[in-house]
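Colleague: Here is a sequence with its predicted model. Questions after.
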Amino acid sequence: MKKGIIIGASSGIGHEVAKLLINEGWTLTVAARRTEPLETLKAMAPERVTTAHVDVTDSKADKALEQLFRSMGQVDLYFHSAGIGKQNRDLHPDIELRTMDTNAVGFTRMIGTAFRLFALQGHGHIACISSVAGTKGLGPAPAYSASKALQNTYLQALEQLAHSRRLDIRFTDIRPGFVNTPLLAGTATYPMLLRPESVARTIVKAIKHRRHVVTIDRRWQVIVALWRLIPNAVWRRLRL
C-alpha cells in the first residue's frame, strides 16, 4: 500500500490528483490552508485519508510537514500543488511579493524539508506542479513566471544533488499549460485551457513511470519548444 502527502489539495489539480490516488488505494494525508474542502476527500476513504492544515507561507510549515511524516510512519510520495498566480501588468508590489512568498519561499521551505526527510528515510518521490510559464519570462505575470523558473531549476538541482549523494529520491517536475482551476478564475482570458481532471490523469501516469519532467499537454509541448527558439531580441518585443 502506497502512502503519500499532498500539499495544496483543497482545489484544482491537487484535489483531482488526490481523488485518483485514493481510488487506487493509496493512504494519503491531504493538506491545505483551507481544510473544509478536504473533507470531501476524506469521505471517499475515511480509513485511509487524513486531513491537515498547512500554509506553506507559515515559517513553521516545515515543522508541520515533519510531523506529518512521523505520523504516517513511511511516505512514498510528496506531492506539492500549493501555489498562486495572477497577471500583474501594473506590477502591484503586494501581488508580486505574495506570489514570491508562496511560489518561491514557501516552495523552497517545503521541498527542502521533504528532501531531507526522504534522505533520512532512505527513499522517496517528490513531485511538483510548476508551469510552462517557468520556461520563458512572461511579461503579463512577472513574479509568477520567475517563481516557476525557480521551481524548475531548484528541482533540477536537487535531482543532481540526490544523484551525487547516491540517495534514492526521485523527482517529477510537472509543467502544465493553463489549467481551468480557481487559480485563474476572474483574472484574464487564457488560451487552450486544460481540464484539471485530464491533467491529473497525466500526472498520476507520470508519477507511476517516474518521469523527470512532463509538459502537459502535447499542444503546450509544441508551444514551449517553439518559444524556446525565439531569440531574446525578438521575445522582448512581443506583446503578450
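Modeller: Structure received.

Colleague: What is the burial count for residue 152?
Modeller: For residue 152, the neighbour count with other Cβ atoms under 10 Å is 19. (C-beta placed from N, C-alpha, C; glycine too.)

Colleague: Please look at it and residue 135 and confirm they touch.
Modeller: Yes. Residue 152 lies in contact with residue 135 (Cβ atoms under 8 Å); the separation is 7.2 Å.

Colleague: what touches both of these two?
Modeller: Taking Cβ atoms under 8 Å, 6 or more residues apart in numbering as the criterion, residue 152 and residue 135 both touch residue 175.

Colleague: any idea how far the longest strand along the chain is from the chain center?
Modeller: The longest strand of the chain (DSSP state E) is strand 169-176. How far strand 169-176 lies from its chain's middle: 8 Å, per Cα atoms, centre = their mean, to the nearest Å.

Colleague: Which SSE is immediately downstream of it?
Modeller: The C-terminal neighbour of strand 169-176 among helices and strands, as given by DSSP states H and E, is helix 196-208.

Colleague: after that following helix, next one along is what?
Modeller: strand 213-216.

Colleague: which strands and helices sit next to the very next helix or strand once past that next one?
Modeller: Note on strand 213-216: by DSSP H and E, the next helix or strand toward the C-terminus is helix 218-227. Under the contact definition 3 or more Cβ pairs under 8 Å, 6 or more residues apart in numbering; DSSP states H and E, helix 218-227 sits against strand 169-176.
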